[in-house]
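Peer 1: fold the stuff below for me.
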Amino acid sequence: IKLEFGADKDVFSGQMTAPKSSLPEAAGWLKLILSRPRFEEKYLVSAKDQILKVLETEKENPEKELALAFNRKIYGGHPYGRNPLGTPETVAALRRSDLQDFAGRKFGRNNLYIGIAGDLTGKEAAELAGLIFGDLPEKAEVEPLETPDIDWQQSVLNIRREGGQNIAAFAAAGTCRQ
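Peer 2: Here you go, the predicted structure:
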């Protein structure tokens with residue numbers, strides 16, 4: 001059984017991989033993780049330590065430094081202008097109750113996209129989805145982000161660093177995905 005989770009600016013995602021013979025057990029674990037996450041303190045402390053180390057190493061990576069500065073320049077105070085990992089202060093302040101509250105409010109059946117691949121009939125796939133996600137609240141709190149107010153006037157942002165590496169980033173208005 002393999003369970004993976006990820007998150008970025010707009011989405012929390014997960015993936016479960018299991019042979020058909022282990023599917024009931026795998027589905028049970030995924031259901032438990034999503035419907036009653038524990039966020040044990042020792043793992044929260046470990047995750048916070050890892051994030052703080054990543055934030056520190058980002059300072060040493062010219063590409064990451066440019067990407068973060070670029071997003072701040074383009075998006076300003078919009079959430080897309082922030083580092084998705086947070087700041088050392090926000091990471092340090094994060095509590096177990098914050099995660100429990102977030103999961104309780106944001107995980108719901110109304111904001112799920114489910115994809116199932118493998119040796120299952122349509123009926124088996126529907127039953128599997130119902131088993132895994134059936135205990136989630138029917139409705140999650142969904143707070144759509146406002147469209148960012150981007151100033152497309154030409155501007156240049158130079159970041160000076162020691163070393164011979166040059167990196168550039170460009171942006172232009174495109175079509176809306178909505």
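
Peer 1: would you map the strands across the protein?
Peer 2: Counting by DSSP state E, the chain has strands at residues 2-7, 12-17.

Peer 1: distance to His78 and mean pLDDT for the ones you listed - can I get that in a markdown table?
Peer 2: For glycine as for every other residue, the C-beta is placed from the backbone atoms N, C-alpha and C. Formatted as a markdown table, these follow (distance: least, CB to CB, whole Å; pLDDT from 0 to 100):
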| stretch | distance to His78 | mean pLDDT |
| --- | --- | --- |
| strand 2-7 | 18 | 93 |
| strand 12-17 | 20 | 95 |
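
Peer 1: Arg72: which of these is closest?
Peer 2: strand 2-7 (20.3 Å; CB to CB).

Peer 1: elements contacting that closest one?
Peer 2: Strand 2-7 makes packing contacts with strand 12-17, helix 23-35 when contacts are defined by 3 or more CB pairs under 8 Å, 6 or more residues apart in numbering; DSSP states H and E.

Peer 1: any regions of the protein where pLDDT drops low?
Peer 2: Along the chain, segments meeting pLDDT under 70 span 178.

Peer 1: would you turn the helices and strands packed on strand 2-7 into TSV with distance to Gly134 and mean neighbour count?
Peer 2: Shown next, in TSV, are the helices and strands packed on strand 2-7 (distance: least, CB to CB, whole Å; neighbours: other CB atoms under 10 Å):
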stretch	distance to Gly134	mean neighbour count
strand 12-17	15	13
helix 23-35	8	16
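
Peer 1: who wins for proximity to Glu58 among these?
Peer 2: Closest among the helices and strands packed on strand 2-7, using CB to CB: strand 12-17, at 21.5 Å.

Peer 1: can I get the closest one as CSV, trimmed to CA atoms?
Peer 2: The C-alpha trace of strand 12-17 is given here as CSV (Å, rounded to 0.1, in the frame of the first residue of the first chain):
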residue,chain,number,x,y,z
PHE,A,12,-4.3,19.5,-1.4
SER,A,13,-3.9,16.2,-3.2
GLY,A,14,-3.4,12.5,-2.4
GLN,A,15,-2.8,9.3,-4.1
MET,A,16,-3.3,5.7,-3.0
THR,A,17,-1.7,2.8,-4.9
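
Peer 1: so what strands line up beside that strand?
Peer 2: strand 2-7 (antiparallel) (DSSP bridges).
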